[in-house]
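1. Return atomic coordinates for the entry below.
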Amino acid sequence: TANVSPLPSSASPAVDVDGGGLNAEQQGALDSVVACPSGGYVLIQGLPGTGKTSTIVQIVLALARTAQQPHGSSSGAGSSSSSSTLGARTVLITSHTHSAVDNLCIKLHQAGFTGFLRVGEGTRIDQQVPQCNRLDVAEEAGHLNSVGRYASYVESFSVVLATCLTASRHPLFGGLRARRAAAAAAAGSAEANAPASSCSGVGTAFDYCILDEASQVTQPTSLGALMLADRMVLVGDHCQLQPVVRSPLAARSGMRESWFERLCLAHPVSVKRLCRQYRMCRQINAVTSSLVYGNRMVCGSPAVAQARLQLDRAALQAVVKKATADASTVDPSAANWLVSALQPACPFLFLNTSNLPAPESQQTAGFSGKGRYNSTEVRLVMLLVQGLVLSGVQPSKIGIVSPYKAHLKALQAGLDHLKAKYHRASTTG
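-> Residues are numbered from 1 along each chain as shown. As a prediction, the model looks like this:
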């Protein structure tokens, strides 16, 4: 990494860039990316709910604004490198999962940007990604029958999206690298003889590589994609999920540390933090910010800070009356526990079940190894869900998390029972 330099803290963009409604932190991250020197990198640490994806989209629009071409259903075998804007900044967007890559494709499309190409196995690509922006669809047409044609077609797009493994293995990326090196040599570039691994711009396939969810990707997995570009933009948050490493030896050898975390610790001046979040109200934000982020995370607006659930209190009281009648499930001395648990004024709550008869059970059927579940806690969760739904909360707005597969299976069975119950009520009432 001797030839890879972090972005100086004093760097500023060479052009005036409008981030399209970004806040000051997001705009600062965008400006840093635009100003990133050849062979450099920028780290964007996006705390929960701070708009990492929106920022990536605006960065891509800024980098490709002068390069966008009207790709549509007519794009196909007739496309060639001559249709791309010469001198435009090319971008590889990558991540470790298809869902992360597809989400960025969909967001770019929603932003009105059409100059992107999704590369990958067709069966793994989300159907919401437009067909005119998918390489597998062009392949099925039967016209891209050589590496040269692949490269020419891809070069007609300023932005390419693929998973890290696809970017490392697909032959077209090697073709793009070779074509760019040949073009530089033909142009008499002073750096034409630079080795491909120097990250100097020559011998690379793209001007930028943007790695999303960079803190969750192992170093070997991300390296192939990163080496395809002259500049690297790593977006993630090493305070959240780390890379999944199953080998104890690899974990002890440091493979649980991503490039993102490693570079954040080595060059903190290159870290651009997004701290203004738009997901959590003040109370939830306060807990997360103090426990994890040294009180750096703040609410993005007064509306976010003051957000509350809007519940139908009369409907909730009816649920409580029925639930508290079941003494085998709910402690009779705490008859109003459900009302307390669902109080909009108390958005963060620890519900202690230690006084209830709630032994854990073991289940092995359908799982590799033992699974744990707790029938009493399942029942309590069902009461909470029922109370929320009957109080006006949409089921799609309720999230349930558990560390055990067997417990999730039991929860799903309970939810299926509730769904069938309400369906019968709606059809017979």
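2. Which residue ranges of the protein form strands?
-> Taking DSSP state E, the strands of the chain run over residues 5-6, 40-46, 91-95, 116-118, 159-163, 206-211, 229-236, 271-274, 276-277, 298-299, 361-363, 371-373.
3. In its sheet, which strands sit next to the longest one, and in what direction?
-> This means strand 229-236. Strand 229-236 pairs in its sheet with strand 40-46 (parallel), strand 206-211 (parallel), by DSSP bridges.
4. now those in CSV, with mean neighbour count, mean pLDDT and distance to Lys272?
-> To be clear about C-beta, it is placed using only N, CA and C from the backbone, and glycine gets the same treatment. Shown next, in CSV, are the strands paired with strand 229-236 (neighbours: other CB atoms under 10 Å; pLDDT from 0 to 100; distance: least, CB to CB, whole Å):
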stretch, mean neighbour count, mean pLDDT, distance to Lys272
strand 40-46, 26, 96, 5
strand 206-211, 25, 96, 13
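5. will you turn those strands into a markdown table that also has distance to Val33?
-> As requested, those are arranged in a markdown table below (distance: least, CB to CB, whole Å):
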| stretch | distance to Val33 |
| --- | --- |
| strand 40-46 | 5 |
| strand 206-211 | 7 |
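6. of the ones you listed, which approaches Gln240 most closely?
-> strand 40-46 (9.5 Å; CB to CB).
7. can you give me how far the closest one is from the chain middle?
-> 15 Å (CA atoms, centre = their mean, to the nearest Å).
8. any idea how far the spatially most central residue of the chain lies from Cys132?
-> For the chain, the residue sitting closest to the mean C-alpha position, by CA atoms, centre = their mean, is Ala100 at 5.0 Å. Here the criterion is CB to CB, to the nearest Å. By it, Ala100 lies 22 Å from Cys132.
9. In stretch 126-138, which residues are buried?
-> Val129, Pro130, Cys132, Asn133, Arg134, Leu135, Val137, Ala138 (16 or more other CB atoms under 10 Å).
10. surely the second one meets His109?
-> Yes - A contact is recorded between Pro130 and His109 when judged using CB atoms under 8 Å, the distance being 5.8 Å.
11. Quick one: low-confidence residue ranges for the stretch 1-150 of the chain.
-> Scanning the stretch 1-150 of the chain for pLDDT under 70 picks out 1-20, 66-88, 147-148.
12. picking that back up, save the buried residues of stretch 126-138 as a markdown table, and put in distance to Val160 too.
-> As requested, these are exported to a markdown table (distance: CB to CB, whole Å):
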| residue | distance to Val160 |
| --- | --- |
| Val129 | 13 |
| Pro130 | 15 |
| Cys132 | 14 |
| Asn133 | 10 |
| Arg134 | 12 |
| Leu135 | 9 |
| Val137 | 15 |
| Ala138 | 13 |
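13. wait, which of these is closest to Leu176?
-> Nearest member of the buried residues of stretch 126-138 to Leu176, counting by CB to CB, is Leu135, at 12.4 Å.
14. What separation do you get for the residue nearest to the closest one when sequence neighbours are not counted and Leu241?
-> Closest residue to Leu135 apart from its sequence neighbours, by CB to CB, 6 or more residues apart in numbering: Val119 at 4.7 Å. According to CB to CB, Val119 and Leu241 sit 25 Å apart.
15. Between these two, which is the more surrounded one?
-> Val119 (23 against 12; other CB atoms under 10 Å).
16. Would you mind listing the residues in contact with that one?
-> Leu135, Val154, Val160, Leu161, Ala162, Thr166, Ala167, His170, Leu172 (CB atoms under 8 Å, 6 or more residues apart in numbering).
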